[in-house]
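K.L.:
Show me the folded form of this:
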Amino acid sequence: MLEYDILIQYDKGDNIYVASIPELEGCMAHGDTPEDAAREIKIAFELWIEAANKHGFDIPEPIMYAS
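P.N.:
So this is what the prediction gives:
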């Protein structure tokens, strides 16, 4: 399985944490806590990959960010 970085940001307007995987356009989820958002993005990731495979879309490789 490929490993992607997960970006988690706080949305003041909606008072939620939003998680996304930048390489996967539209792959986003949210939660009341950073942990909730991280848990939800894992589900969104699985669904995103499933849909991409079903429709024959290319799946971008993870970008390796410097630590």
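
K.L.:
which parts of the helix or strand Lys54 falls within are buried?
P.N.:
Using DSSP states H and E, Lys54 maps to helix 34-55. Residues of helix 34-55 classed as buried by neighbour count (16 or more other CB atoms under 10 Å): 37, 40-41, 44-45, 48-49. Quick note: C-beta positions are derived from backbone N, CA and C, even for glycine.

K.L.:
May I see those arranged in CSV, with distance to Asp5 as well?
P.N.:
What follows is these, written out as CSV (distance: CB to CB, whole Å):
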residue, distance to Asp5
Ala37, 14
Glu40, 16
Ile41, 11
Ala44, 14
Phe45, 12
Trp48, 15
Ile49, 16
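
K.L.:
pLDDT on the helix holding Lys54, on average?
P.N.:
Within the predicted structure, the mean pLDDT of helix 34-55 is 98.

K.L.:
ok, back up a step: out of the buried residues of helix 34-55, who's nearest His30?
P.N.:
If you rank those by distance to His30 using CB to CB, Ala37 comes first, at 5.6 Å.

K.L.:
hang on, that closest one packs against Val18?
P.N.:
Yes: with contact defined as CB atoms under 8 Å, Ala37 counts as touching Val18 (6.5 Å).

K.L.:
Common neighbours of those two, please.
P.N.:
Counting by CB atoms under 8 Å, 6 or more residues apart in numbering, the common neighbours of Ala37 and Val18 are 8, 29-30.

K.L.:
quick one: which of the residues you listed is most hemmed in?
P.N.:
Highest neighbour count within the shared contacts of Ala37 and Val18, by other CB atoms under 10 Å: Ala29, with 22 neighbours.

K.L.:
I am finished for the moment; much appreciated.
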